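Student: Below is the structure, and that's it, no one-letter string:
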């Protein structure tokens with residue numbers, strides 16, 4: 001071992017380095033970039049109540065909404081997510097989803113490599129192959145930070161303004177909801193015919209009904225993994241999907257088409273008066 005020449009230090013002893021980056025200190029003190037829970041009202045008042053918050057089911061991962069750790073760290077360090085701390089209410093975040101979300105993959109398309117890095121480029125050497133988190137997933141994690149109530153989750157999955165508001169609501173349920181309760185949430189929507197594409201305009205057209213089915217049957221989702229459902233729960237939901245399909249054999253899902261016809265046309269929303277978040281992209 002190389003000896004240290006203490007003659008270089010006035011006191012004859014090594015000096016402890018107390019330097020620390022202010023940015024790092026702030027990140028340690030506010031891991032979610034000051035994105036905090038919404039304000040709850042007292043019992044008897046109109047508004048969100050603390051007792052109605054949907055608890056996050058803990059799978060094998062602890063905390064972090066059961067999202068991939070690499071994805072979470074990239075979300076927390078992104079300037080767009082930090083800017084979302086200005087939004088304090090559920091309604092403000094929903095409006096932000098309406099204006100900003102045009103696809104709902106975890107990573108911005110084309111920025112994430114699914115293969116595992118190896119050798120000199122391995123994660124052990126501090127080199128990451130992560131991409132840029134999508135706006136949708138940053139807003140999804142923002143909703144988690146707000147601590148949504150069951151009423152607010154219902155508002156998301158039945159929203160009439162944008163299919164991406166609804167898709168983020170279903171993703172929220174897939175990551176947060178207790179597995180045995182998922183079917184009660186998903187069952188009304190497994191045949192929903194609203195047009196939708198996970199990749200936005202560049203992706204293949206699908207429906208929200210197919211998207212909901214995929215949340216039940218698939219474990220992988222665009223280079224990330226959903227929390228693994230208990231095998232008996234997943235088998236039961238798959239069986240119920242098969243039963244629903246068998247009941248519709250020979251038909252054309254007329255009840256869902258009629259429900260769609262009854263849904264009023266979406267009103268045109270005015271353009272935002274401010275573009276204060278454009279600089280953070």
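Tutor: Received the coordinates, thanks. The shown structure was predicted, so the numbers you read here are calculated from the model rather than taken from an experiment.
Student: In the chain, where's the longest helix?
Tutor: helix 231-247 (DSSP state H).
Student: Now that one: buried residues?
Tutor: 233, 234, 237, 241 (16 or more other CB atoms under 10 Å). Glycine gets a C-beta too; all of them are placed from N, C-alpha and C.
Student: My understanding was that the last one contacts residue 215; is that so?
Tutor: No. Applying CB atoms under 8 Å as the test, residue 241 and residue 215 come out as separate, 11.5 Å apart.
Student: packing partners for the longest helix of the chain?
Tutor: Packing contacts for helix 231-247, counted by 3 or more CB pairs under 8 Å, 6 or more residues apart in numbering; DSSP states H and E, involve helix 182-186, helix 208-217.
Student: Direction-wise, compare the last one with helix 231-247 and give the angle.
Tutor: Interaxial angle of helix 208-217 relative to helix 231-247 (axes from the mean of the first three to the mean of the last three CA atoms, to 10 degrees): 150 degrees.
Student: what distance separates the helix or strand just after helix 208-217 from the centre of its chain?
Tutor: Where DSSP states H and E defines the elements, the next helix or strand beyond helix 208-217 is strand 220-221. Taking CA atoms, centre = their mean, to the nearest Å, the mean C-alpha location of strand 220-221 is offset from the chain mean by 13 Å.
Student: Can you name the element that comes right after strand 220-221?
Tutor: With DSSP H and E setting the assignment, the helix or strand that follows strand 220-221 is strand 224-225.
Student: what does stretch 88-101 contact?
Tutor: With CB atoms under 8 Å, 6 or more residues apart in numbering as the test, stretch 88-101 has contacts from 38-39, 48, 84, 87, 135-136, 139, 142-143, 146, 148, 152, 155-156, 159, 161-162, 164-165, 168, 269, 272, 277.
Student: Name the residue closest to the centre of this structure, please.
Tutor: For the chain, the residue sitting closest to the mean C-alpha position, by CA atoms, centre = their mean, is residue 140 at 3.2 Å.
Student: phi, psi of that one?
Tutor: Phi and psi for residue 140, reported as degrees, to the nearest 10, are phi -60, psi -50.
Student: Quick check: it touching residue 170?
Tutor: No. Applying CB under 8 Å, one finds residue 140 not in contact with residue 170, separated by 10.4 Å.
Student: show me the contacts for residue 144.
Tutor: With contact set as CB under 8 Å, 6+ apart, residue 144 has these partners: 56, 65, 172, 175, 176.
Student: rerun at 7 Å
Tutor: 65, 176 (CB atoms under 7 Å, 6 or more residues apart in numbering).
Student: would you say it is within a helix?
Tutor: Yes. Assigned with DSSP: H, G, I helix; E, B strand; the rest coil, residue 144 falls within a helix.
Student: how far away is it from residue 243?
Tutor: With distances taken as CB to CB, to the nearest Å, residue 144 is found 33 Å from residue 243.
Student: Also residue 193?
Tutor: 20 Å.
Student: where does the residue lying closest to residue 111 once chain neighbours are set aside land in three-state SS?
Tutor: Among residues not flanking residue 111 along the chain, residue 131 sits closest, at 3.3 Å (CB to CB, 6 or more residues apart in numbering). Put simply, residue 131 is coil when judged by three-state DSSP.
Student: In contact with residue 131, which residues?
Tutor: 107, 108, 111, 112.
Student: in stretch 177-185, what counts as buried?
Tutor: 177, 179, 182, 185.
Student: Quickly find the element holding the closest residue to the last one other than its chain neighbours.
Tutor: By that I understand residue 185. Excluding its sequence neighbours, the residue lying closest to residue 185 (CB to CB, 6+ apart) is residue 173, at 5.2 Å. If you go by DSSP H and E, residue 173 is part of helix 163-176.
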